[in-house]
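[1] Predicted structure and sequence below. I'll ask about it afterward.
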Amino acid sequence: MVGTLSAPLLASEYHFGGFIKANARYIDGDIAFQDSWTGGGSVTESAKRSQFSAAESRFNASVTQGDVKGFAEIDFAGSSQGNAVFSNSYSPRLRHAFIEYQAVTAGQTWSTMVNSSTFAETADLGGPLVGQAMVRQALVRYRTAHWQFALENPYTYGTQAVSDSVQTAAGTEWIDTSNDYVPDAIIRYDQQGGWGNVSVSSLLRYLDPSDNAQLAAGVSVAAKLHTFGKDDLRLQLHYGNLGRYVGTDAARDSVNDEIETTTSAMFAYRHFWTERTRSSLFYGRTITEVEQTDRFHIGANVFTNLTPVLALGFEVGRYQISDGLSAYTLQPAAQGSSNYAQLTLQFHL
């Protein structure tokens, strides 16, 4: 669709997209129900639940006028406004809102650390989030053919000490983020071809919780590689002081003023059985040094296109927490796992 403005005549291109997604999800184990498995979670005595939902549906719009492009997208995940007794309402949630002009991007979108082409095709929203980079935030980015340079919104996620004595869970508090004043810096190199694509990213951060300034750094490698026929292998490897950038709550930036070190990985192999039917086997895991967290998510699925725009998928998997003894709580960590099955129907607009 093309709209026009007054002289001098300017043509704008409008595009609308997204999808409507219907889920039926069942979990059984001792990790509390989540709409999708993040790297967090709480261990309970018993967790068994079924949930039907359409909140993951999303809608987007883009406008292009000459060298300028604007894009915005919303969904309704994680924003419950009502409940099963009253209306099941969900509030719109902003995912993306950014402007692109020539080689510059400004606004909220995927962090430069994120190579979205390496996300697995899954019924569970986001797939093995516990082992991958999955951050959207406000940023300013400059791009060339192979390089990206970005300054991104700073935010320190974690705890700080409140006394000099041996710390316990009661002797900590969440970091006051009012000291986040230096933007995070990311440099990324991309290479692609008929074989697929690979990206290498480096992150440099200046964290200053409770006036305890520290530099933090990490590296990330992500790739999507074509294998046989239409099959592909998707993988991510992360190491360093990456904190909130990987694992979606599996790791903190700082633990009692000590910078956390994280090792994370994910892989997914997608195989096409026919032109319309394919399966993915995927795995993600994050391990941290200070808090001794150890979480993983494994799953397998099958998707088939009933029509070119309507896909039906079924997935089974397991999410597990195997944390070790924290140097700060001095208590054995709760451990557990939950199995899940999910049926999804997705209509691409």
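    Good, I have the coordinates.
[2] Could you list the low-pLDDT ranges of the stretch 101-250 of the chain?
    By pLDDT under 70, the low-scoring segments of the stretch 101-250 of the chain are 163-172, 209-211.
[3] mind running it again at 80?
    Applying pLDDT under 80 to the stretch 101-250 of the chain flags residues 161-172, 176-179, 208-213.
[4] all strands of it, in order?
    Under the criterion DSSP state E, counting those that start in this stretch, the stretch 101-250 of the chain contains strands at 104-110, 136-143, 147-152, 159-161, 172-174, 184-193, 196-207, 214-226, 232-240.
[5] Which of those strands sits closest to T248?
    strand 136-143 (11.3 Å; CB to CB). For every residue, glycine as well, the C-beta is placed using N, CA and C.
[6] The closest one packs against which elements?
    strand 104-110, strand 147-152 (3 or more CB pairs under 8 Å, 6 or more residues apart in numbering; DSSP states H and E).
[7] Ok, which of those comes nearest M266?
    With CB to CB as the yardstick, what comes closest out of those is strand 104-110 (15.9 Å).
[8] Now the closest one - C-alpha only, PDB.
    The C-alpha trace of strand 104-110 is given here as PDB (Å, rounded to 0.1, in the frame of the first residue of the first chain):
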ATOM      1  CA  VAL A 104      22.200   4.100  11.400                       C
ATOM      2  CA  THR A 105      19.600   2.400  13.600                       C
ATOM      3  CA  ALA A 106      18.100   4.200  16.600                       C
ATOM      4  CA  GLY A 107      15.400   3.000  19.000                       C
ATOM      5  CA  GLN A 108      14.400  -0.300  20.600                       C
ATOM      6  CA  THR A 109      15.200  -3.600  18.800                       C
ATOM      7  CA  TRP A 110      17.400  -6.700  19.100                       C
END
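[9] 688 is where my numbering starts, stick with that
    Understood, numbering begins at 688; the last thing we discussed is strand 791-797.
[10] by how many degrees do it and strand 834-839 diverge?
    70 degrees (axes from the mean of the first three to the mean of the last three CA atoms, to 10 degrees).
[11] Can you give the distance of strand 791-797 from its chain's centre?
    16 Å (CA atoms, centre = their mean, to the nearest Å).
[12] ok, that strand: who's next to it in the sheet?
    Partners of strand 791-797 in the sheet, by DSSP bridges, are strand 780-788 (antiparallel), strand 823-830 (antiparallel).
[13] For the nearest residue to D918 once chain neighbours are set aside, give me its contacts.
    Setting aside the residues directly before and after it, D918 is nearest to H958 in space (CB to CB, 6 or more residues apart in numbering), at 5.1 Å. Contacts for H958 (CB atoms under 8 Å, 6 or more residues apart in numbering) come out as D918, R965, S966, S967.
[14] Equivalent analysis for A793, please.
    Applying CB under 8 Å, 6+ apart, the residues contacting A793 are F785, I786, L826, V827, R828.
[15] ok, for the most centrally placed residue in the chain, nearest residue in space, not its chain neighbours?
    Among the residues of the chain, the one closest to the centroid is M821, at 2.3 Å (CA atoms, centre = their mean). Of all residues not flanking M821 in the chain, T935 sits nearest, at 5.4 Å (CB to CB, 6+ apart).
[16] Just give me the neighbour total for T864.
    When neighbours are defined as other CB atoms under 10 Å, T864 has 13 of them.
[17] Spit out the contact partners of it.
    T864 makes contacts with Y842, T843, as judged by CB under 8 Å, 6+ apart.
[18] distance between the longest strand anywhere in the chain and the chain's centre?
    For the chain, the strand with the greatest residue count under DSSP state E is strand 698-718. Centroid separation between strand 698-718 and its chain, computed with CA atoms, centre = their mean, is 14 Å.
[19] partners of that strand, with directions?
    strand 689-691 (antiparallel), strand 730-740 (antiparallel), strand 745-752 (antiparallel), strand 1023-1035 (antiparallel).
[20] Just name the most buried of those.
    Of all those, strand 1023-1035 has the most neighbours on average by mean count of other CB atoms under 10 Å, namely a mean of 18.
[21] Report the distance from that one to the chain centre.
    Remark: strand 1023-1035 is offset 17 Å from the chain centroid, using CA atoms, centre = their mean.
[22] what about that strand, average pLDDT?
    Averaged over strand 1023-1035, pLDDT sits at 97.
[23] that older thread, does the residue nearest to the centre of the chain really touch L812, like I thought?
    No. When contacts are counted by CB atoms under 8 Å, M821 is not listed as touching L812 (10.2 Å).
[24] if we can go back for a sec, need the contact list for the residue nearest to M821.
    T725, G726, G727, G813, L816, V817, M821.
[25] again, but for L999
    F990, T991, N992, L993, L1030, T1031, L1032, Q1033.
[26] Mind doing that once more with 10 Å?
    A810, T964, V989, F990, T991, N992, L993, L1030, T1031, L1032, Q1033 (CB atoms under 10 Å, 6 or more residues apart in numbering).
[27] likewise L812?
    708, 710, 721-725, 742-743, 762, 764-765, 1029, 1031.
[28] Then A771?
    Q738, F739.
[29] Any figure for the gap between it and Q738?
    Distance, A771 to Q738, by CB to CB, to the nearest Å: 10 Å.
[30] Equivalent analysis for V933, please.
    Distance from V933 to Q738, by CB to CB: 27 Å.
[31] swap in L922?
    30 Å.
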